[in-house]
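sequence plus predicted model, see below.
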Amino acid sequence: MSPKTLYDKIWDAHVVHEDKDGTCLLYIDRHLVHEVTSPQAFEGLRMAGRTVRAPDKTIAVPDHNVPTTAGRDDPDQMPEDSRIQVAALDKNAKDFGIHYYPVSDIRQGIVHIVGPEQGWTLPGMTVVCGDSHTATHGAFGALAHGIGTSEVEHVLATQTLIQKKSKNMKVEITGKLSPGVTAKDIVLRIIAETGTAGGTGYVIEYCGEAIRNLSMEGRMTVCNMAIEGGARAGLIAPDQTTYDYVMGRPHAPKGAQWEAALNWWKTLFSDDDAAWDKVLTIAGESIEPTVTWGTSPEDALPISALVPSADSFKGGKVAAAQRSLDYMDLKPGTPLKEIAIDTVFIGSCTNGRIEDLRAAAEILKGRKIKEGMRAMIVPGSGLVRAQAEEEGLADIFKEAGFEWRLAGCSMCLAMNPDQLKPGERCAATSNRNFEGRQGRGGRTHLMSPAMAAAAAVTGHITDVRELV
Ligand SMILES: CC(C)[C@H](C(=O)O)[C@@H](O)C(=O)O
Ligand code: SF4
């Protein structure tokens, strides 16, 4: 047998039919659904008189629109458009008999945090969702990617998806990370090197010692941003860390089924002599805490750097950099560490898990946020929130002056009441720093939870290593 990559193996195991031109029909193991990209898909089913083909493999949760303040399960707390989308999901979940975690359920949260937490996401699966950050689930060695609303309807109706195979890219992070450097810094550094188009046409497998040493939370952070580097999906081969995380979760296999699953999962790695279409290697030791200065995730630099000048770029990038500098209101040559921040957002499907909250709490313990700072921590799910309360993290956040919110996408994107006002500058743990992403005219600097917590304390972007 010819050697295969992990991606090849999962792909081959799911092909139902292949056309002469390479177009395939893939079987889908899990379909995750949220309120923004699903209403028309369900409407399409209704109009065609169809049912959901595999309701047991279809899981829905509202996350993008939901407010994160107390009393939010009262529909009157939501603006009209949000209320309509959430009510539609409530109704569709009920009418079509799919698994559902409504706003009132403690298991509700961001779809990419709920799926793994409940054991829906397992190694070797194909996982899709009408959401670009579905790449997150690749951390389990699952082939996971976003799909459009018409594809959501196709998967609901048939449990299959029409796809063409991508190319194989390997990103290896060798060696060890330095203290204060996290999964977020790894992925920002990768995107800084590849650019937002470097992964276009590829599925990326992340490997190497520094990746192996990450927890599942950290691996999810890395895969979450595969899409920001342009890749179709990100993957990490499953290992003991993965099995330990999955075992015992509500929807993970049990008993003899667990053993059978484990036997298959243990075959899920890239063969030594597998062929790669593109390879990038980065030394873990060379990665510093990393932040973005511009309006694209590729505009990322080590914390020790200065804001670049537009003419340090080439070709079309010169104008883009100038536009970023203008929008971000930054002067070239300013140390990143001197950029003043007025808002801090810790949360999102990139960094809203328990490990992220622990990292923030470690910095915030016994400290207060800078006077006048608006700072919020939004756990990625109700269960993350409950665990953080049990571990005493919530008390640390509240004592430091942070708002302690309910689960949802929150200030990651301006689809709910948590938004930046024009000109506000935010240290954010999310994954996109596009113009207006967190609110019209708002300015976003992406960084790790520990770095965002440090900025909340000092009032400016800070090297977290100076605070520990
Ligand atoms: C609203 C949704 C379709 C969108 C996505 O696809 O990623 C959102 O989650 C985002 O992060 O921009
Ligand atoms: S947290 Fe942000 S990136 Fe993740 S699904 Fe929600 S809006 Fe998209």
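Right, received. Where do you want to start? Numbers count the residues shown, from 1 in each chain. Ligands and ions are numbered 1, 2, ... in the order given.

who's in contact with residue 120?
30, 32, 59, 114, 251 (Cβ atoms under 8 Å, 6 or more residues apart in numbering). Every C-beta, even on glycine, is put in place using the N, C-alpha and C of the backbone.

how about the residues of the stretch 351-468 of the chain that lie near ligand 2?
Residues of the stretch 351-468 of the chain found near ligand 2 (Cβ under 6 Å from any ligand atom) are 409, 412-413, 430-431.

does stretch 171-188 come close to ligand 2?
No. Using Cβ under 6 Å from any ligand atom, stretch 171-188 stays clear of ligand 2, coming no nearer than 13.2 Å.

endpoint to endpoint, that stretch covers what distance?
13 Å (Cα to Cα, to the nearest Å).

how far is it from where the chain is centred?
17 Å (Cα atoms, centre = their mean, to the nearest Å).

okay, buried residues for that stretch please.
171-173, 177, 180-188 (16 or more other Cβ atoms under 10 Å).

any chance of TSV for the residues you listed, columns secondary structure?
Formatted as TSV, the buried residues of stretch 171-188 follow (DSSP: H, G, I helix; E, B strand; the rest coil):
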residue	secondary structure
171	strand
172	strand
173	strand
177	coil
180	coil
181	coil
182	coil
183	helix
184	helix
185	helix
186	helix
187	helix
188	helix
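
out of these, who's nearest residue 377?
Nearest to residue 377 out of the buried residues of stretch 171-188 is residue 184 (Cβ to Cβ; 15.6 Å).

contacting residues for the closest one?
221, 290, 350-351, 429, 446-449, 451.

most neighbours, which of those?
Within the contacts of residue 184, most neighbours by other Cβ atoms under 10 Å means residue 351, with 33 neighbours.

surely that one and residue 430 touch.
Yes. Using Cβ atoms under 8 Å, residue 351 is in contact with residue 430, at 7.3 Å.

before we move on, back to that, just the residues of the stretch 351-468 of the chain next to ligand 2 that are near ligand 1?
Applying Cβ under 6 Å from any ligand atom to those, those adjacent to ligand 1 are residue 413.

of all the residues of the stretch 351-468 of the chain next to ligand 2, which comes closest to residue 365?
In terms of Cβ to Cβ, no member of those lies closer to residue 365 than residue 430, at 23.4 Å.

which pLDDT value belongs to residue 396?
Each residue has a pLDDT score; the one for residue 396 is 98.

who does the helix or strand harbouring it touch, helix- and strand-wise?
Per DSSP states H and E: residue 396 is located in helix 393-400. On a contact count with 3 or more Cβ pairs under 8 Å, 6 or more residues apart in numbering; DSSP states H and E, helix 393-400 meets helix 354-364, helix 382-390, strand 403-404.

measure whichever residue of the chain sits closest to ligand 1 to residue 369 for me?
Nearest residue of the chain to ligand 1 (Cβ to the nearest ligand atom) works out as residue 132 at 3.5 Å. Distance of residue 132 to residue 369, given as Cβ to Cβ, to the nearest Å: 31 Å.

of these two, which one has the most company?
More crowded of residue 132 and residue 369, by other Cβ under 10 Å: residue 369, with 20 against 15.
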